[in-house]
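Student: here's a sequence, model it:
(one chain, ligands or ions: 2)
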Amino acid sequence: MTESLLITRIGELVTNTPGGDGPGPGPFAVLTDAALVVEGERVAWTGLSARAPAADRVVDAAGRAVLPGFVDSHAHLVFAGDRSAEFAARMAGLPYSAGGIQSTVTATRAATDAQLRAGLRRLASEMLRQGTTTFECKSGYGLTVPDEARSVALAAEITTEVTFLGAHVVPAEFAGDVAGYVELVRGPMLAACAPYSRWADVFCERGAFGADEARAVLTAGLARGLLPRIHASQLGPGPGVQLAVELGAASADHCTFLTGADVDALASGDTVATLLPGAEFGTRQPYPDARRLLAAGAVVALATDCNPGSSYTSSMPFCIALAVRDMRMTTDEAVWAATAGGARALRRTDVGYLAPGARADLIMLDAPSHAHLAYRPGVPLVRAVWQAGGRVSAETPLRHDRVSFRALFTRKDTQ
Ligand code: NIG
Ligand code: FE
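Tutor: Ligands and ions are numbered 1, 2, ... in the order given. Reported below is the predicted structural model:
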């Protein structure tokens, strides 16, 4: 018999399911004076605390807020090296350019598997402590067949949402031969990486890859069963969003410089607009116009873009605070975008909401409402994290887990 857990006296339970029915997240919704029951890996019941059923174990939330775990749908975690000097120079006035990626490529190629694994797990552990219970992880700093293959293999050790990003930039040894590199990416590199990957991504930007090159890579990925997503219009207007919608990509990411036609395309298609305010923070670019996208009816997700160049944050609460303060998203919109929106961007119907049948990925805040994530920026408000029904803790030793952070933490059976 699976043990049941009742979390009771929840001041505010963010469910993202107004009717309490699934499957998958709906619009933003909360219950107050609420309770939630977990059975095994799933949510079994949500409702008013006064009507909560009995359970084997009880956790008293004492008025605190409980939310779905964050779904970080865009992160680059497999890399070596440090670019703090580049960041400091940028803060002193230098612009961001895609060229900095090359220095991470050099360091990543020189690193051992053990070094890359240690860095990846450190970042994944940071994420989990800050409430991220599902995360995507891209390759893209290897850019040779063996270095990309080991990047996706390492990522697959700790998440199911692995993205092949061989088309991140053209590596130095292929300078002047973009076509040759694209053939490598869509041929042998893709073949080596596909077994470990769910997604394929391309940095579609001036200085990286154009629309035809991106299309060639992503259609080759589709032929091997990899679903497309695109880095689009990060540094300037470009063809990425239109291509994402044309290919039925799950997400167009960044969306910082959109044309009216881009906004219309996102509003009318199934492609999520994933906004990455950490990148604008870290590059001093203008923030994307979230209000314009929301007003047009586009689905907006928030993610960290955690990477050593443009956005070295693993914190979804920080991104929520930026989105609320600087992108004028409401606190409801930002929290939805960081949970249900991320689930939509990863085409997941089991996470990003809390209702019977959802995976029991949830976080408890040391605060009475989700608004505190933006109201108290920089404060570590995530008090407890459950993933697939198991309480997770950074103090416990490593062990395999069935879900995305397998190999990171053991379950703690007591609260
Ligand atoms: O999403 N835009 C491309 N890739 C990353 C930056 C990578 C880097 O600077 O190392 C991004 O911002
Ligand atoms: Fe990125």
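
Student: Val66 looks like it's in a strand, true?
Tutor: Yes: when DSSP: H, G, I helix; E, B strand; the rest coil is applied, Val66 is found to be in a strand.

Student: quick check: closest non-adjacent residue to His168.
Tutor: Gly140 (3.5 Å; Cβ to Cβ, 6 or more residues apart in numbering). Placement of C-beta: from N, CA and C, glycine included.

Student: wait, isn't that neighbour in contact with Ala155?
Tutor: No: checked against Cβ atoms under 8 Å, the pair Gly140 and Ala155 is beyond contact range at 10.5 Å.

Student: count of neighbours near the residue of the chain found nearest ligand 1?
Tutor: Of all residues in the chain, the one sitting closest to ligand 1 is Gly309 (2.1 Å; Cβ to the nearest ligand atom). When neighbours are defined as other Cβ atoms under 10 Å, Gly309 has 24 of them.

Student: please name the nearest non-neighbouring residue to Gly352.
Tutor: Ala343 (2.9 Å).

Student: how many residues are close by the one you found?
Tutor: Neighbours of Ala343 using other Cβ under 10 Å come to 25.

Student: and the contacts of the lengthiest helix in the chain?
Tutor: The helix spanning the most residues in the chain, taking DSSP state H as the definition, is helix 113-129. Contact with helix 113-129 is made by 72, 75, 77-80, 108, 111, 135, 137, 150-151, 154-155, 157-159, 304, 306, 314-316, 382, 385, 387, 392, 394, 405, 407-409, as judged by Cβ atoms under 8 Å, 6 or more residues apart in numbering.

Student: quick check: PyMOL command selecting the buried ones in those.
Tutor: Of the contacts of helix 113-129, the buried ones can be selected in PyMOL as follows, counting by 16 or more other Cβ atoms under 10 Å:
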select buried, resi 72+75+77+78+79+80+108+111+135+137+150+151+154+155+157+158+159+304+306+314+315+316+382+385+387+392+405+408+409
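
Student: among the contacts of helix 113-129, name the ones in helices.
Tutor: Those of these lying in helices (DSSP H): Thr108, Arg150, Ser151, Leu154, Ala155, Met316.

Student: now do the same contact list for the fourth one.
Tutor: This means Leu154. Val78, Asp113, Leu116, Arg117, Leu120.

Student: can you map out the strands along the stretch 301-415 of the chain?
Tutor: Assigned by DSSP state E, counting those that start in this stretch, the strands in the stretch 301-415 of the chain fall at 362-365, 382-387, 390-392, 411-412.

Student: nearest to Gln285, out of those?
Tutor: strand 382-387 (28.0 Å; Cβ to Cβ).

Student: what are the pairing partners of the closest one, and which direction each?
Tutor: Take DSSP bridges as the rule and strand 382-387 pairs in its sheet with strand 362-365 (antiparallel), strand 390-392 (antiparallel).

Student: next one: that strand to chain centre, how far?
Tutor: Offset of strand 382-387 from its chain centre (Cα atoms, centre = their mean, to the nearest Å): 17 Å.

Student: what does the stretch 251-400 of the chain put close to ligand 1?
Tutor: Proximity of the stretch 251-400 of the chain to ligand 1, by Cβ under 6 Å from any ligand atom, involves residues Ala279, Asp305, Asn307, Pro308, Gly309, Ser310, Ser311.

Student: ok, back up a step: lowest average pLDDT across the strands paired with strand 382-387?
Tutor: Ranked by mean pLDDT, those bottom out at strand 390-392, with a mean of 91.

Student: next, count neighbours for Thr104.
Tutor: 23.

Student: distance to Ala371 and pLDDT added to the ones in helices among the contacts of helix 113-129, as a markdown table?
Tutor: Supplementary listing: the ones in helices among the contacts of helix 113-129 in a markdown table, determined by distance: Cβ to Cβ, whole Å; pLDDT from 0 to 100:
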| residue | distance to Ala371 | pLDDT |
| --- | --- | --- |
| Thr108 | 39 | 98 |
| Arg150 | 42 | 98 |
| Ser151 | 38 | 98 |
| Leu154 | 37 | 97 |
| Ala155 | 33 | 97 |
| Met316 | 15 | 98 |
